[in-house]
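> Got a predicted model here, sequence first, then my questions.
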Amino acid sequence: MNQSVKLAIRQLEPMSKAVQLRQWMPEIEEKLASGVKLVAIHQKLVAIGFDLPFETLKKYLYRYRQKSCATNVADAAVKKVCASTDLFKKNHSADFDFHTSGENNARPSLSIQEIGRLMHPDPVQQAEKLARYERVARQQRRSKT
């Protein structure tokens, strides 16, 4: 009895079009990135019997991108912070040469305000920069294909 119930539940197909379409979104995104137009993708979906208005397909694609972008932004922010600290270590670890002679090669000291600004950057500016970097990366990916 338990096995037949489990088997019956596993055989159920998703009923909503959004759920069905979400499974194919990575392939749709790949095709769009390679230059296939959304209209052509919509025509193919309709041809195989997936009855969906074009505007609804656009909405589903928009929502999918928003959701995937939200998760990618968090990952990108973490990667960016890690990369910037690694870059700082590489650039500044060997810069401090302390000579025993009278030469002073030390960098000029920073004020408290400058240190505070560096330690606590403006989140709005960070978000704008991140959005700009993501936009440039998408354009570069599109131009490669």
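Everything's here; your move. Everything numeric here is computed off the predicted structure, so don't read it as measured data. Numbering: from 1, shown residues only.

> Three-state assignment for Gln126, please.
helix (DSSP: H, G, I helix; E, B strand; the rest coil).

> Can you give me the pLDDT of it?
Note on Gln126: pLDDT of 87.

> Next: the one 5 residues further on.
We have a pLDDT of 91 for Ala131.

> same question, the one 10 residues further on
The predicted local distance difference test score for Arg141 is 88.

> Isn't it up against Ser34?
No - shown here, Arg141 and Ser34 do not form a contact pair, counting by Cβ atoms under 8 Å, at 10.3 Å. Backbone N, C-alpha and C define where each C-beta goes, glycine included.

> Please pull out the lowest mean pLDDT helix or strand from this structure.
The helix or strand of the chain with the poorest confidence is helix 54-92; it has a mean of 65 (mean pLDDT, DSSP states H and E).

> Show the subsequent helix or strand relative to that helix.
helix 112-119 (DSSP states H and E).

> Need the contact partners of that next one.
With contact meaning Cβ atoms under 8 Å, 6 or more residues apart in numbering, helix 112-119 is reached by Leu110.

> how about a cut-off of 10 Å?
With Cβ atoms under 10 Å, 6 or more residues apart in numbering as the contact definition, helix 112-119 has outside contacts at Ser109, Leu110, Ser111.

> So which of those residues is the closest to Leu45?
Leu110 (58.1 Å; Cβ to Cβ).

> How about the contacts made by the closest one?
By Cβ under 10 Å, 6+ apart, Leu110 lies in contact with Gly116, Arg117, Leu118.

> Can you give me the neighbour number for the last one?
The reference is to Leu118. Counted with other Cβ atoms under 10 Å, residues neighbouring Leu118 total 9.

> now the one 5 residues further on
Each residue near Pro123 was counted by other Cβ under 10 Å, and the total is 8.

> distance of it from Gln113?
18 Å (Cβ to Cβ, to the nearest Å).

> do Lys37 as well
For Lys37, the distance to Gln113 equals 52 Å [Cβ to Cβ].

> for Met15, same thing?
Taking Cβ to Cβ as the measure, Met15 and Gln113 are separated by 59 Å.

> cool, and Val46?
For Val46, the distance to Gln113 - Cβ to Cβ - is 61 Å.
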